[in-house]
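A.B. asks: Coordinates for the following, if possible.
(3 chains)
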Amino acid sequence: MPEGPEIRRAADALAGAVVGKRLQRVFFGLPKLKRYERQLDGSTVESITPHGKALLIRFDAGWTMYSHNQLYGVWMVGKPGERPATSRSLRVELESADAAIRLYSASDISLWPGEEVLQHPFLQRIGPDVLDPALRAQDVLVRLKSAPFQTKRLSALLLDQAFLAGMGNYLRAEVLFVARLDPDLRPADLPAARLRALAKALLAVPQHSYRARGIEPSRRMKAAYTVSGTGAFRFQVFDRAGEPCFECGTLIQRVERDGRRLYVCPHCQGG
DNA sequence: CTTTAAACCTGCTGGC
DNA sequence: TGCCAGCAGGTTTAAA
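C.D. replies: Here you go, the predicted structure:
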């Protein structure tokens, strides 16, 4: 369950289902988490919040659950007692009297006493959430101009969770296209106007995707999407190799950067 | 310090 | 039908 917009959509749906509810059943599918079933049974879910692609679920019993879905994790919202038809392995199940949330396949799950969760190595390392409503273009601009980010190639920078958390591979391609930028440039190479355009696109594109309820899943990933990614965000370049650019008609190219596929319009994003 | 490669998590697809 | 390689929107680790 991939990038920031999809994770935030999942968090919204999960929160709507169980925040404020008392848990009547808690199940953990990983041996190391078994002991927390008793700790959390009967507790109330206080909040569910995204931090980049990580999710925090706080319980009034003084515990906080950290989870990261990586590529495969799937959240589902349903009813208590039901057992969805899936071959995936159930990792977490939280049931209240009238709702249930279930996490499948993800293996990066841990429980922390209260706010000690903020000491989690990943949370320590990541930058501001690109979808945080408090994040301003000016903040992003300052970040772009600061070390060590200003000297990194845009292709790498836009995947770096330490720069902006919640960015991912499709957002990288879409942001670079919207800002009309060559992925091999670095912030330090760019004149002020282009930097401002990049800062703006870094906020606008993820927000646009979030408001559109995320991306429409590819066939391959379709089975993974339940709570999130059922939306209407349309790619300009991602997954469009060989198809004409919507702006200039030039054929979109698939290239590789930082070990990941990237799509560019060679005309709009040239030089 | 930067860049690259491989490993790992898991599930689905396509080819033979 | 069955098996296996390949791929995926992520992250970590180690090597170069």
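
A.B. asks: Residue of the stretch 1-150 of chain A closest to DNA strand C, please.
C.D. replies: Proximity to DNA strand C, evaluated over the stretch 1-150 of chain A using C-beta to the nearest atom of the strand, is greatest for A:Pro2 at 3.3 Å. (C-beta placed from N, C-alpha, C; glycine too.)

A.B. asks: where along chain A do the helices fall?
C.D. replies: A:4-18, A:36-40, A:121-125, A:137-144, A:154-157, A:169-178, A:192-211, A:219-222 (DSSP state H).

A.B. asks: right, is the fourth one up against DNA strand B?
C.D. replies: No: interface with DNA strand B: helix A:137-144 contributes nothing (C-beta under 7 Å from any atom of the strand), its closest point being 13.9 Å away.

A.B. asks: Would you tell me which one of the helices of chain A is buried the most?
C.D. replies: Of the helices of chain A, the one with the most neighbours on average (mean count of other C-beta atoms under 10 Å) is helix A:169-178, at a mean of 25.

A.B. asks: Relative to DNA strand B, how far out is A:Lys34?
C.D. replies: From A:Lys34 over to DNA strand B the distance is 16 Å, taken as C-beta to the nearest atom of the strand, to the nearest Å.

A.B. asks: so that residue sits right up against A:Leu40, yeah?
C.D. replies: No: counting by C-beta atoms under 8 Å, A:Lys34 does not reach A:Leu40; the two are 11.4 Å apart.

A.B. asks: Point out where chain A drops to low pLDDT.
C.D. replies: For chain A, the stretches flagged by pLDDT under 70 are A:1, A:219-230, A:271.

A.B. asks: near DNA strand C, which residues of it show up?
C.D. replies: Near DNA strand C, when you scan chain A using C-beta under 7 Å from any atom of the strand, you find A:2-3, A:6, A:52-53, A:68, A:70-72, A:121-122, A:125, A:159, A:161, A:168-170, A:214-215, A:217-218, A:220-222, A:225, A:229, A:259-261.

A.B. asks: quick check: domain ranges of chain A?
C.D. replies: Chain A breaks down by automatic domain parsing into domains covering A:4-125, A:137-264.

A.B. asks: sorry, back to before: in JSON lines, list the helices of chain A along with distance to A:Gly242.
C.D. replies: Output for the helices of chain A, formatted as JSON lines (distance: least, C-beta to C-beta, whole Å):
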{"stretch": "helix A:4-18", "distance to A:Gly242": "26"}
{"stretch": "helix A:36-40", "distance to A:Gly242": "49"}
{"stretch": "helix A:121-125", "distance to A:Gly242": "36"}
{"stretch": "helix A:137-144", "distance to A:Gly242": "32"}
{"stretch": "helix A:154-157", "distance to A:Gly242": "21"}
{"stretch": "helix A:169-178", "distance to A:Gly242": "15"}
{"stretch": "helix A:192-211", "distance to A:Gly242": "23"}
{"stretch": "helix A:219-222", "distance to A:Gly242": "18"}
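
A.B. asks: Those: which one's closest to A:Leu94?
C.D. replies: Distance to A:Leu94, taken as C-beta to C-beta, is lowest for helix A:4-18 among these, at 6.1 Å.

A.B. asks: For that closest one, give me every contacting residue.
C.D. replies: By C-beta atoms under 8 Å, 6 or more residues apart in numbering, the surrounding residues in contact with helix A:4-18 are A:1, A:45, A:47-50, A:52-55, A:57, A:69, A:75, A:77, A:94, A:96, A:99-101, A:129-131, A:165-168, A:171, A:206, A:209-210, A:213-215, A:225, A:227-229, A:231, A:233.

A.B. asks: same question, stretch A:252-270
C.D. replies: Here stretch A:252-270 makes contact (C-beta under 8 Å, 6+ apart) with A:153, A:155-156, A:159, A:169, A:172-173, A:176-177, A:180-184, A:237-245, A:247-248, A:250.
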